[in-house]
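Student: Sequence below, structure please.
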Amino acid sequence: MINLKNNDSKVNYNNSESQCSKALKLLTEDLSAKFFRDENNNICVSVYVNGNQETHFLRDSKFKILLCGEYFYHYNRALNKDVIEQVFNIISYQALYMNRFTEPVFNRVGFDDEGNFYYDLSNHDSEMVKISSDDYRLEIFNPVRFKRYSHQIPQVRPNFLINDVSCIDKIFKYIRINNFEINFICWIVSCFIPNIPHPVLIFHGEMGSAKSTAFYFIKRLVDPSVVETLTMPKDTKSLSVIMQNDWFLPFDNISHISEDMSDFLCRAVTGTAIQERKLHTNGDDYIFKFQNIIGLNGINQVALKPDLIDRSMIFELYSIPFGERKELSELKAEFENDLPDILGCIFKILANSIKYYKEYKLTDPKRMADFQRWGLAIARAYKGENGVNSFLLDYDDMLQAQVKEYLSLDCVAMLLSSYMNSREKFYGTMTELLIALKSEADRLGVDTRTGGFPGNARALSAKINEIIGPLEKIGISVYRRRTSEQRMISIHNENYKSEVEIGNYLSNEESEPNNAEAGEDNDDLVSFD
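Tutor: Numbers count the residues shown, from 1 in each chain. Below is the predicted model of the structure:
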């Protein structure tokens with residue numbers, strides 16, 4: 001008889017026990033199995049094999065192989081296919097109805113209830129690194145559960161004796177960042193922090209800038225796998241399946257990202273879930289829930305939608321001079337030698353960052369606020385107070401540069417920015433704005449028949465909705481109002497200065513301007529300074 005009173009109970013059996021009873025006894029007594037649900041409501045089984053804890057999804061082929069192999073080893077007899085299904089059903093019952101609580105199952109990076117972080121080395125000894133405030137060490141007691149996938153390879157043990165965290169700069173031997181180096185270091189260290197949105201890492205650069213190689217080294221450092229880089233799938237459903245298996249997903253050599261894919265990547269960064277049918281023959285569903293770290297690279301800057309750019313950190317890689325180029329096998333060998341030191345620096349910086357994190361609170365948080373706050377703590381642990389100031393300045397400069405680059409690449413945004421550069425405000429209908437932008441295009445010699453320029457007022461209105469956010473970041477505000485007769489749009493340039501204001505500014509060093517006269521000449525001007 002099988003008696004499953006609670007999650008830790010043993011299986012009671014009599015002398016004429018069935019194959020099902022024997023299999024359950026083997027799981028609960030010999031392998032110390034625990035049956036539970038994860039946060040996606042998947043049925044999971046935690047077992048101890050050769051003293052090491054393993055966590056499997058119930059229907060995984062690896063768990064089925066383990067069950068059948070252990071049964072054959074103990075009883076010298078194969079499990080019947082129908083018996084396997086009976087065992088699975090009983091396990092599902094216990095996980096669904098006898099265990100009310102779900103337990104998190106992590107991939108590569110996890111955390112516990114006390115705020116400690118864990119990094120899974122995914123080796124044969126099931127070792128993990130525990131990172132707590134001011135301390136990091138090897139953990140062998142498996143306080144959190146990790147799901148290990150077949151593509152993952154073991155990570156090397158970090159150097160636990162690191163004193164000087166500046167040796168993390170060794171990474172720049174392999175990744176040739178052209179600017180914003182401290183932002184990149186903060187991003188790399190943040191990859192070992194779970195449960196926060198991480199900016200999409202975007203590399204671009206000319207041929208010979210080793211973009212794919214850079215992704216190989218980051219993947220090896222953060223989430224080592226036999227699959228070194230990935231190809232962007234054609235649809236979001238395929239992408240959601242890929243995201244179940246990797247912590248860091250480096251998509252290589254991208255030339256174009258569709259609008260649907262761009263929106264999906266934004267959701268994957270901040271955290272999302274989708275629902276899919278398991279089979280067309282029943283109503284059961286499967287929940288895909290994920291929050292991943294994503295990398296994109298291409299010769300050109302591949303993120304062209306404002307929402308994705310807002311969630312990204314874009315770096316240009318510079319071409320490697322011919323005299324400095326090495327064979328890839330030589331570079332990989334050097335990286336393997338430096339890897340324990342780089343990992344040790346990362347964990348030491350992260351341990352100190354946990355201590356500093358509580359001291360910072362953002363007064364003007366931007367889109368990726370969690371990353372910004374951790375960035376301040378990481379920068380301090382890396383470079384002290386000077387690092388904090390550098391991160392703040394560089395991060396703001398990076399965001400501004402990304403916005404300006406986007407506006408220069410978008411036809412409507414570029415024309416509107418140029419049109420408003422010489423005026424304080426525009427007020428009129430969307431049709432009148434369309435005419436004004438076409439006139440500006442003729443003045444600049446821009447062909448509006450290409451580049452996605454809207455063909456009518458309705459299309460222009462939709463495009464304006466898309467670029468309002470980036471325009472506001474360069475001082476151009478857009479307002480809409482509806483009169484009794486028609487819809488109006490009002491656009492204000494907060495950076496506009498009239499010729500009189502410019503003249504006063506230029507002559508300020510020679511003489512003090514007459515404020516009264518300046519006021520009389522500029523009664524109709526609005527100053528935003």
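Student: can you give me the strands in the stretch 151-300 of the chain?
Tutor: 200-204, 248-251, 272-277, 285-290, 293-298 (DSSP state E, counting those that start in this stretch).
Student: Check which helices and strands the shortest one sits against.
Tutor: Contacting strand 248-251 under the criterion 3 or more Cβ pairs under 8 Å, 6 or more residues apart in numbering; DSSP states H and E are the following elements: helix 211-222, strand 293-298. Using the backbone N, CA and C atoms, a C-beta is placed for each residue, glycine as well.
Student: Of the strands of the stretch 151-300 of the chain, which is nearest residue 108?
Tutor: Minimum separation from residue 108 across the strands of the stretch 151-300 of the chain (Cβ to Cβ) falls at strand 248-251, 8.0 Å.
Student: How far away from the center of its chain is the closest one?
Tutor: The chain centre lies 9 Å from the centre of strand 248-251; the measure is Cα atoms, centre = their mean, to the nearest Å.
Student: as a whole number, average confidence for it?
Tutor: Per-residue pLDDT values over strand 248-251 give a mean of 96.
Student: List every C-alpha atom in that strand, with coordinates, as PDB.
Tutor: In PDB, the C-alpha atoms belonging to strand 248-251 read as follows (Å, rounded to 0.1, in the frame of the first residue of the first chain):
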ATOM      1  CA  PHE A 248      22.200  34.800 -21.200                       C
ATOM      2  CA  LEU A 249      21.100  34.600 -24.900                       C
ATOM      3  CA  PRO A 250      23.700  36.100 -27.300                       C
ATOM      4  CA  PHE A 251      22.000  36.500 -30.800                       C
END
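Student: what comes into contact with that strand?
Tutor: For strand 248-251, the surrounding residues in contact (Cβ atoms under 8 Å, 6 or more residues apart in numbering) are 191, 215-216, 218-219, 222-223, 228-232, 242-243, 292-297.
Student: try it again with 7 Å
Tutor: The contact list for strand 248-251, computed with Cβ atoms under 7 Å, 6 or more residues apart in numbering, reads 191, 215, 218-219, 222-223, 229-230, 232, 242-243, 292-296.
Student: Please apply the same query to stretch 295-311.
Tutor: So stretch 295-311 is contacted by 199-204, 206-207, 211, 215, 218, 248-255, 257, 259, 262, 265-266, 269, 312, 314, 367-368, 402, 405-406, 409, 466-467, 469-470 (Cβ under 7 Å, 6+ apart).
Student: Restricted to buried residues, select the residues you listed in PyMOL.
Tutor: Under the burial definition 16 or more other Cβ atoms under 10 Å, those of those that qualify are selected in PyMOL by:
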select buried, resi 199+200+201+202+203+204+211+215+218+248+249+250+251+252+254+257+262+265+266+269+312+314+367+368+402+406+467+470
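Student: Which stretch among the helices and strands packed on strand 248-251 is buried most, on average?
Tutor: Greatest average neighbour count among these goes to strand 293-298 (a mean of 23), per mean count of other Cβ atoms under 10 Å.
Student: Can I get the helix or strand just after that one as PDB, trimmed to CA atoms?
Tutor: Counting by DSSP states H and E, the next helix or strand C-terminal to strand 293-298 is helix 306-310. Extracted in PDB, the C-alpha atoms of helix 306-310 (Å, rounded to 0.1, in the frame of the first residue of the first chain):
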ATOM      1  CA  PRO A 306      12.300  53.400 -29.100                       C
ATOM      2  CA  ASP A 307      11.100  50.900 -26.400                       C
ATOM      3  CA  LEU A 308      14.000  48.500 -27.200                       C
ATOM      4  CA  ILE A 309      16.600  51.300 -27.300                       C
ATOM      5  CA  ASP A 310      15.300  52.500 -24.000                       C
END
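Student: Okay, buried residues for helix 306-310 please.
Tutor: Residues of helix 306-310 classed as buried by neighbour count (16+ other Cβ under 10 Å): 306, 307, 308, 309, 310.
Student: Check the gap between the last one and residue 89 for me.
Tutor: Separation of residue 310 from residue 89 (Cβ to Cβ, to the nearest Å) stands at 47 Å.
Student: which residues in the stretch 351-500 of the chain form strands?
Tutor: Using DSSP E, counting those that start in this stretch, strands in the stretch 351-500 of the chain cover 425-428, 476-482, 487-493.
Student: Need those strands in TSV (columns: distance to residue 137 and mean pLDDT).
Tutor: Shown next, in TSV, are the strands of the stretch 351-500 of the chain (distance: least, Cβ to Cβ, whole Å; pLDDT from 0 to 100):
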stretch	distance to residue 137	mean pLDDT
strand 425-428	61	94
strand 476-482	52	90
strand 487-493	56	93
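Student: looking at those, which is closest to residue 458?
Tutor: With distances scored as Cβ to Cβ, the stretch of the strands of the stretch 351-500 of the chain nearest to residue 458 is strand 487-493 (10.8 Å).
Student: and for that closest one, what are the contacting residues?
Tutor: 420, 423-430, 433, 475-481.
Student: quick one, that strand and strand 476-482 angle?
Tutor: With axes from the mean of the first three to the mean of the last three Cα atoms, to 10 degrees applied, the angle from strand 487-493 to strand 476-482 works out at 160 degrees.
Student: for residue 19, what are its contacts?
Tutor: By Cβ under 7 Å, 6+ apart, residue 19 lies in contact with 79, 80, 83.
Student: Could you identify which of the residues you listed has the most neighbours?
Tutor: Within the contacts of residue 19, residue 79 tops the neighbour count with 21 neighbours, counted by other Cβ atoms under 10 Å.
Student: Surely that one touches residue 73?
Tutor: No. With contact defined as Cβ atoms under 7 Å, residue 79 does not reach residue 73; the gap is 11.6 Å.
Student: Tell me the pLDDT of residue 206.
Tutor: According to the prediction, residue 206 has pLDDT 84.
Student: All the helices of the stretch 251-400 of the chain, in order from the start?
Tutor: Ranges of helices within the stretch 251-400 of the chain are 259-270, 306-310, 328-357, 369-409, based on DSSP state H, counting those that start in this stretch.
Student: Tell me which of these is the most buried.
Tutor: helix 306-310 (a mean of 21).
Student: quick one: average pLDDT of it?
Tutor: Helix 306-310 comes out at a mean pLDDT of 89.
Student: Same check on stretch 79-86?
Tutor: pLDDT averaged over stretch 79-86 gives 94.
Student: With just CA atoms, put that stretch into PDB.
Tutor: The C-alpha trace of stretch 79-86 is given here as PDB (Å, rounded to 0.1, in the frame of the first residue of the first chain):
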ATOM      1  CA  LEU A  79       9.900  -0.800 -15.600                       C
ATOM      2  CA  ASN A  80       6.700  -1.400 -17.600                       C
ATOM      3  CA  LYS A  81       5.700   1.600 -19.700                       C
ATOM      4  CA  ASP A  82       2.300   1.700 -18.000                       C
ATOM      5  CA  VAL A  83       3.900   1.600 -14.600                       C
ATOM      6  CA  ILE A  84       6.000   4.600 -15.400                       C
ATOM      7  CA  GLU A  85       2.800   6.500 -16.200                       C
ATOM      8  CA  GLN A  86       1.300   5.400 -12.900                       C
END
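Student: All set, thanks.
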